[in-house]
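> Got a predicted structure here, sequence first:
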Amino acid sequence: MTGIVNTLSSEATAQCDGRTASSVDLAPVAFAGYAHFTALQVREGKVRGLDLHLQRLRKASLAMFGRSLADEDVRKYLRSALELKPEGNLSLTATIYSSAGEFTAAESEAPLSMLVRTSSAFNGPQGPLRLDMVDHQRMLPEIKHVGEIAKTWFLRKAVEHGFDDAAFVDAEGRLSEATIWNLAFWDGSSVLWPRAPMLRGTTMSIVMRQLERMGISQQHQDITMDSLKALHGAVVMNSWTPAVEVRSLGAIDIPSAPDFVALLHRAFAAEPLMEI
């Protein structure tokens with residue numbers, strides 16, 4: 001087992017507020033951990049679920065800083081980064097932060113900045129994956145924030161134990177999410193989403209709204225060790241892909257469900273690509 005491959009390439013670029021990022025620009029992020037971000041996959045210069053990414057950044061900024069960048073400014077900075085890759089196929093991360101940094105008692109009026117990093121396009125691992133199950137609850141799980149040492153820690157420990165990655169179990173014994181993934185399950189007729197505190201990913205939201213349009217049954221349920229044994233399939237999803245098959249969670253084997261995987265890919269593909 002080698003775990004999930006880091007895809008940051010030597011062709012990576014970094015811009016701050018629409019211009020090449022300097023060391024001064026990067027310092028508040030490099031030496032602090034109070035920021036949030038979203039990850040996008042750009043294809044032919046377009047993205048799926050742009051509205052969801054803008055909403056994520058806006059809501060997280062309001063929660064963390066009490067203010068947010070205008071959506072049009074966010075789009076302008078994204079477009080500036082895309083101009084560096086004319087073919088428009090790339091992976092992109094947009095991080096919003098304040099020069100006030102961290103360890104301050106109150107948020108200052110320092111302006112918000114957006115760091116945009118691009119790297120080579122990636123579609124995620126092929127799978128199937130085997131996930132370790134660990135007891136962990138992310139801080140502020142509804143926000144996609146930086147500086148989460150636990151995710152890398154549990155990924156590496158999972159690989160040491162012979163798994164590909166790790167899934168989290170909350171204090172009530174419910175599966176919530178994986179290190180950088182949302183989880184989805186199949187009971188033979190409905191898509192099951194974990195009912196637990198977690199980050200609602202943009203890909204998850206895209207799939208949910210397209211499944212609804214397709215008339216596919218969806219339910220939110222407590223997914224526990226005991227209920228895993230009755231499931232007919234499991235996947236992980238994030239910006240890379242709407243479905244990578246999971247064949248085991250801890251010591252519990254999960255049946256292969258190619259039709260479930262295909263359904264989620266079909267739902268995701270139904271979401272139109274949008275101009276930034």
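That came through, no problem. Numbering: from 1, shown residues only.
> The closest residue to residue 197 other than its chain neighbours: neighbouring residues, count only.
Counting by C-beta to C-beta, 6 or more residues apart in numbering, residue 141 is the residue found nearest to residue 197 once chain neighbours are left out, at 4.6 Å. Every residue, glycine included, has its C-beta placed from N, CA and C. The number of residues packed near residue 141 is 17, by other C-beta atoms under 10 Å.
> Residue 151 too?
The number of residues packed near residue 151 is 17, by other C-beta under 10 Å.
> From residue 238, how far off is it?
As judged by C-beta to C-beta, to the nearest Å, residue 151 and residue 238 stand 12 Å apart.
> tell me, what's touching those two both at once?
Counting by C-beta atoms under 8 Å, 6 or more residues apart in numbering, the contacts common to residue 151 and residue 238 are residue 180.
> Quick one: find the helix or strand in the protein with the lowest mean pLDDT.
Across the helices and strands of the chain, mean confidence by mean pLDDT, DSSP states H and E is lowest for helix 23-30: a mean of 87.
> what helices or strands is that one leaning on?
Secondary-structure packing of helix 23-30 (3 or more C-beta pairs under 8 Å, 6 or more residues apart in numbering; DSSP states H and E): strand 13-16, strand 90-98, strand 112-120.
> Okay, buried residues for the first one please.
Neighbour-count burial for strand 13-16, with 16 or more other C-beta atoms under 10 Å as criterion, is recorded at 14, 15, 16.
> Then stretch 34-47?
Buried-residue list, stretch 34-47, by 16+ other C-beta under 10 Å: 34, 35, 36, 37, 38, 39, 40, 41, 42, 45, 47.
> Check these against residue 155 and report the nearest one.
Nearest to residue 155 out of the buried residues of stretch 34-47 is residue 39 (C-beta to C-beta; 16.1 Å).
> does the closest one belong to a helix or a strand, and which?
strand 35-42 (DSSP states H and E).
> which helices and strands does that strand pack with?
If contacts are counted by 3+ C-beta pairs under 8 Å, 6+ apart, strand 35-42 sits against strand 46-48, helix 50-65, strand 90-98.
> and those, which is most packed in?
Neighbour counts averaged per stretch over the helices and strands packed on strand 35-42 are highest for strand 90-98, at a mean of 23; criterion: mean count of other C-beta atoms under 10 Å.
> coming back round to it: closest one to residue 120 out of the buried residues of strand 13-16, please.
Nearest to residue 120 among the buried residues of strand 13-16, with distances taken as C-beta to C-beta, is residue 14, at 14.4 Å.
> The closest one bridge partners, please.
Beta bridges link residue 14 to residue 117, judged by DSSP bridges.
> Before we move on, what's the pLDDT of it?
Here, the pLDDT recorded for residue 14 equals 95.
> ok, it - contacts?
20, 21, 26, 115, 116, 117, 118 are the contacts of residue 14 under C-beta under 8 Å, 6+ apart.
> Report the residue spans of this protein with pLDDT below the cut-off.
Where the chain drops to pLDDT under 70, the residues are 1-10, 86-87.
> ok, the nearest residue to residue 58 once chain neighbours are set aside - contacts?
Sequence neighbours aside, residue 68 is the residue nearest to residue 58 in space, at 4.6 Å (criterion: C-beta to C-beta, 6+ apart). By C-beta under 8 Å, 6+ apart, residue 68 lies in contact with 57, 58, 59, 61, 62, 112.
> ok so residue 220 is a helix residue?
No. Counting by DSSP: H, G, I helix; E, B strand; the rest coil, residue 220 is not found in a helix; it is strand.
> Now it: closest residue in space, sequence neighbours ignored.
That would be residue 195: by C-beta to C-beta, 6+ apart, it lies 4.5 Å from residue 220.
> Run a quick neighbour tally on residue 222.
Residue 222, neighbours per other C-beta under 10 Å, totals 15.
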